[in-house]
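Colleague: A structural model of the following input is requested.
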Amino acid sequence: MRIASRLVRVALGILILLVLAGGGGFLWLWTSPYWAGITLFSDDKWVENFRTMERVFPYRDVAASGSVWAFTSDPRPLSQTYRYNGELRDTATFLDETQTTGLIVVHDGSIAHEEYRLGATETSRFTSWSMAKSVLSALVGIAVEEGHIGSLADRIDQYVPELAGSGYDGVTIEDALTMSSGVSFDEDYGNPFSDVNMLFFKLAAGADMRDTLVTLVNDRPAGTYNNYISSDSIAIGLMLEAATGMPLERYLEARLWTPMGAESDAFWNTGRAGAVLPFCCLNARLRDYARFGRLYLMSGRRGSHQIVPSDWVTNSTRPIGPHLEPGENPASSWTFGYGYHWWIPEAPEDEFLAIGIWGQYIYVDRVRRIVIIKSSADPDFDTRDHETVAVFRAISKSIVDGR
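Modeller: The predicted model follows:
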């Protein structure tokens, strides 16, 4: 998931171009709906923006209804230290340095620790960034169980014919779920003209997401190399909507959000054309992210109700091929392993994660039955994943083992 996220540089580049084009261009931009997006990562705004994304981009509501899946309370102290790179480090310092905005630790359905920082509260709805990819994976598993999808070996262009002839021609659902499509897509946020930055620009201008996908080509055979690209999640999202005949936000609402007992409405940001973004930008309270993590800890079951198929949970959170194994891997662009839109850390201890840029995490430890949710606005997130796992492991052991 190596995204060197430097969107602010892109925004400044666009701003400079407009200024050069004339003051009128700047004034148009300043009064347009795009200004909030361009200032999204401003130092004085981003912490608040990450919990008020309804003011930044359009969105679709995801309603919560029915009985809430309640947590009990069992407060316990967090580990004060953790070990990383052979050093004993301070947990509180780490939370400060990573600009943590919220942290929840749940053990066996009881909240052991909950705190909010930098102006956030328990009612804040935090943006997921790419944690939404793991939610998308759960919806695919449900759709398979319901018979909307015949097999993960089905080609994506069977469901989205417009992708025939593109890089996604012949790519299977499983290839895209494991970020192994072989499609060439530049995920470099530091390059103003990268595919991902041009995608955001096009979406802001009202383009359909498939307009970008149809232009993509392959640079290697599908199913052979793990390379994290958001276009794979877009392809999965388009396929899922075609298979179910429902917009993603409505399918999420009916099949997952309400059945799992969310306590609050969520919302999912969209492009200007109105479709939600399958690769990012779900917004919810931290306790509801914790419920999603708890659902996966419970093998997809809430009480007697199987919401996500148990075999899907198992298969989603483990590597299914050599190119997806964690550790130094010549067939992968990163040292974390990968399942179906879930991450597996190095030297895994039966644990897995959803990860979003700028330091958003859903961490599930099956051994100790721990779920940890962390929201952040961490400027150095791109170098923190390994250290964050070390912190989570220390917290998990301190909560359960008292050490």
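
Colleague: CA atoms for contacts and neighbours, from now on please.
Modeller: Noted.

Colleague: the stretch 301-403 of the chain: helices as residue ranges?
Modeller: Along the stretch 301-403 of the chain, the stretches classed as helices by DSSP state H, counting those that start in this stretch are 310-316, 385-401.

Colleague: what's the most buried one of the ones you listed?
Modeller: helix 385-401 (a mean of 19; mean count of other C-alpha atoms under 10 Å).

Colleague: now for it, which elements pack on it?
Modeller: Other elements packing on helix 385-401 under the criterion 3 or more C-alpha pairs under 8 Å, 6 or more residues apart in numbering; DSSP states H and E are strand 81-84.

Colleague: pairing partners for the strand it packs on, with directions?
Modeller: Note on strand 81-84: by DSSP bridges, its sheet partners are strand 87-90 (antiparallel).

Colleague: what pLDDT, on average, does the partner strand get?
Modeller: Averaging pLDDT along strand 87-90 gives 98.

Colleague: cool, stretch 163-180 as well?
Modeller: pLDDT averaged over stretch 163-180 gives 98.

Colleague: that older thread, any chance of the helices of the stretch 301-403 of the chain in TSV with mean pLDDT as columns?
Modeller: Below are the helices of the stretch 301-403 of the chain laid out as TSV (pLDDT from 0 to 100):
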stretch	mean pLDDT
helix 310-316	97
helix 385-401	96
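
Colleague: ok, the nearest residue to Pro345 once chain neighbours are set aside to Arg220 distance?
Modeller: Using C-alpha to C-alpha, 6 or more residues apart in numbering and skipping the chain neighbours, the partner closest in space to Pro345 is Phe336 (4.8 Å). Relative to Arg220, Phe336 is positioned 21 Å away (C-alpha to C-alpha, to the nearest Å).

Colleague: who has more neighbours, those two?
Modeller: Phe336 (22 against 14; other C-alpha atoms under 10 Å).

Colleague: ignoring the adjacent residues along the chain, who's closest to Ser233?
Modeller: Counting by C-alpha to C-alpha, 6+ apart, the residue nearest Ser233 is Phe279, at 5.2 Å.

Colleague: over to that neighbour. Which of the three states is it?
Modeller: Secondary structure, DSSP: H, G, I helix; E, B strand; the rest coil: Phe279 is coil.

Colleague: OK, contacts around it?
Modeller: Contact analysis of Phe279 by C-alpha atoms under 8 Å, 6 or more residues apart in numbering lists 129-130, 132-133, 230-231, 233-234.

Colleague: please redo it, this time with the cut-off set to 6 Å
Modeller: Counting by C-alpha atoms under 6 Å, 6 or more residues apart in numbering, Phe279 touches 130, 133, 230, 233-234.

Colleague: what's the local residue count around Leu95?
Modeller: The burial count assigned to Leu95 is 19, neighbours taken as other C-alpha under 10 Å.

Colleague: returning to that earlier point: distance to Leu286 added to the helices of the stretch 301-403 of the chain, as TSV?
Modeller: Shown next, in TSV, are those (distance: least, C-alpha to C-alpha, whole Å):
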stretch	distance to Leu286
helix 310-316	21
helix 385-401	16
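
Colleague: of those helices, which is nearest Thr98?
Modeller: helix 385-401 (9.6 Å; C-alpha to C-alpha).

Colleague: contacting residues around that closest one?
Modeller: With C-alpha under 6 Å, 6+ apart, helix 385-401 has contacts from 78-79, 82.

Colleague: and which of these is nearest Leu139?
Modeller: After measuring the contacts of helix 385-401 against Leu139 - C-alpha to C-alpha - the closest member comes out as Leu78, at 33.1 Å.

Colleague: helices along the stretch 51-200 of the chain, start to end?
Modeller: 91-97, 132-145, 156-159, 173-177, 195-204.

Colleague: other SSEs contacting the longest one?
Modeller: Judged by 3 or more C-alpha pairs under 6 Å, 6 or more residues apart in numbering; DSSP states H and E, helix 132-145 has no packing partners among the helices and strands.
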